[in-house]
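Engineer: Sharing a model prediction with you, sequence too.
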Amino acid sequence: MKNDLGGVKWQKTPVPNLVRYVPSGSYYARLRAGGKLVWRSLDTHTFSVAKIKLRDVEQEERARLESSERLMERDATFGDALALFEKNLAGDTKLKPGAKVYRRKTIVALLKSWPAIKATRIANLKTDECKSWARKFSEAYSPSVFNNTLATLQMVIDLGVASGVRYKNPARGINRARPTERKLNLPTHEQFLQFVAAIADGGGRFSRDCADLVQFLAFGGFRKDEAAHVTWHDVNFDKGQVHLRVTKNGTARFVPMIPEMRELLQRLRASRPAALQSAPVMLVHECQKAMDRAAETAGMARLTHHDLRHLFATRCIESGVDIPTVSRWLGHKDGGALAMRVYGHLRDEHSADMAAKVSFGKTPATMLAPTPDNIVEMPAAAAA
């Protein structure tokens, strides 16, 4: 039957604000909040479950409206809208923990690069001011950091637009930066050893701990935040693997220990025999300044914590590990597509080296072996 929802695909139910999408059987919340029509999937095909989830959606929308009304009554500043944004961010159950952490980092970067914005009324924000910030910020940060921080700026101001503080978002006209592939400039085996030694010999209170962190990241391909949450309970010497419970995409993973990782962890464990299983393996969680000084000492290009993750992947591929396997160790969930874009050239170089060893014209040297001195030729068998 047709209805006011625009055709036969949508079906009304006896419950107000609850509709069913006929082709899939999924239920949706359809309600008006603050004069705007809100659609929310309830992610269920069961009517009784949909009614329960609908009540949750209605409560969330009422709370959002109340916050927006208070925001409007106070003639909101950007800081007021930001407080509401952070509250909504904390309560967003669909957003992964890693995504929340990164979004908060963009807030820090935004306020650091534009301190005056927090006290500025949203109604008074100008397009030229937003563009001026964007121009300066894009020159200092990578395209991905710029794009995500710009998105945060836009979303915070959108709260003011939704509450009626202003009509248009002055940051919505700013173009996103085009991502560029950064050329990796990674150290050789010898340079990395010199790099680690320079960090350990830095003379600081935590120099040795910083050197341990650098090796831990490089030998496991961990992200900095992932490494910070690894405890001794996560280190399994019997199975030869490290368990990462806290990851960027929210999915725990196991990473095998390469020989150097096992040696590092055994040394650290032996040096801290009384450490509890719940104690963190790494005693420091960041050491960029020490890394910068060590890179200069070793005469090599500057490395970041994330570059050590690239170094791990590069060494794995150069050692013959296939890209899908490396991708799983890194925690990628795309089957290796990203790793192919970043490290595909290494795969091609490795393939060329392997192809040079294949020959149909002569027996490969690896198949030839010297005849042992103790071989005695057997007499020919008598004819039957």
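Structural biologist: The structure has been received and is ready for your questions. Numbering: from 1, shown residues only.
Engineer: Identify the residues contacting stretch 326-339?
Structural biologist: Residues from elsewhere that reach stretch 326-339 (Cβ atoms under 8 Å, 6 or more residues apart in numbering): 221, 226, 244, 247-249, 251, 253, 255-256, 309, 312-313, 316-317, 323-324, 343. The C-beta positions use only the backbone N, C-alpha and C, and glycine is treated the same way.
Engineer: tally of neighbours for residue 183?
Structural biologist: Using other Cβ atoms under 10 Å, residue 183 has 5 neighbouring residues.
Engineer: re earlier: so which of the contacts of stretch 326-339 belong to helices?
Structural biologist: Secondary structure from DSSP state H places 226, 309, 312, 313, 316, 317, 323, 324, 343 of the contacts of stretch 326-339 in helices.
Engineer: now the contacts of stretch 326-339: which count as buried?
Structural biologist: Neighbour-count burial (16 or more other Cβ atoms under 10 Å) is assigned, among the contacts of stretch 326-339, to 221, 226, 244, 247-248, 253, 255, 309, 312-313, 316-317, 323, 343.
Engineer: Tabulate those (TSV), appending distance to residue 108 and pLDDT.
Structural biologist: Listed next are the buried ones among the contacts of stretch 326-339 as TSV, based on distance: Cβ to Cβ, whole Å; pLDDT from 0 to 100:
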residue	distance to residue 108	pLDDT
221	26	95
226	20	94
244	24	95
247	21	88
248	18	81
253	27	94
255	29	96
309	22	93
312	27	93
313	28	90
316	33	90
317	34	86
323	34	85
343	31	73
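Engineer: Which single one of those residues is nearest to residue 165?
Structural biologist: Within the buried ones among the contacts of stretch 326-339, proximity to residue 165 (Cβ to Cβ) peaks at residue 248, which comes in at 34.1 Å.
Engineer: residue contacts, the closest one?
Structural biologist: If a contact means Cβ under 8 Å, 6+ apart, then residue 248 has 96, 98, 102, 223, 225, 226, 331 as its contacts.
Engineer: what's the distance between it and residue 314?
Structural biologist: 20 Å (Cβ to Cβ, to the nearest Å).
Engineer: wouldn't residue 199 be in contact with residue 212 here?
Structural biologist: No - because the distance of 9.2 Å does not satisfy Cβ atoms under 8 Å, residue 199 is recorded as not touching residue 212.
Engineer: Which of those two has more residues huddled nearby?
Structural biologist: The neighbour count for residue 199 versus residue 212, taken as other Cβ under 10 Å, is higher for residue 199 (27 against 24).
Engineer: Now do the contacts for residue 77.
Structural biologist: By Cβ under 8 Å, 6+ apart, the residues touching residue 77 are 118, 119, 120, 121, 122.
Engineer: Tell me the bridge partners for it.
Structural biologist: When bridges are taken as DSSP bridges, the partners of residue 77 come out as residue 121.
Engineer: for the longest strand along the chain, packing partners?
Structural biologist: When the chain is parsed with DSSP state E, its longest strand is strand 26-33. Contact here means 3 or more Cβ pairs under 8 Å, 6 or more residues apart in numbering; DSSP states H and E; on that basis strand 26-33 packs against strand 18-21, strand 36-41, helix 47-73.
Engineer: got the angle between it and strand 36-41?
Structural biologist: Put simply, strand 26-33 runs at 160 degrees to strand 36-41, going by axes from the mean of the first three to the mean of the last three Cα atoms, to 10 degrees.
Engineer: who touches strand 26-33?
Structural biologist: Applying Cβ under 8 Å, 6+ apart, the contact partners of strand 26-33 are 5, 13, 17-21, 37-47, 50, 53-54, 57-58, 61-62, 64-65.
Engineer: which parts of it are buried?
Structural biologist: Burial within strand 26-33, assessed by neighbour count using 16+ other Cβ under 10 Å, is assigned to 27, 28, 29, 30, 31, 33.
Engineer: so what's the first one closest to, chain neighbours aside?
Structural biologist: When you say that, I think you mean residue 27. Beyond its immediate neighbours in the sequence, the residue positioned closest to residue 27 (Cβ to Cβ, 6 or more residues apart in numbering) is residue 50, lying 3.6 Å away.
Engineer: The fourth one too?
Structural biologist: Once its chain neighbours are removed from consideration, residue 30 has its nearest residue in residue 19; the separation is 5.0 Å (Cβ to Cβ, 6+ apart).
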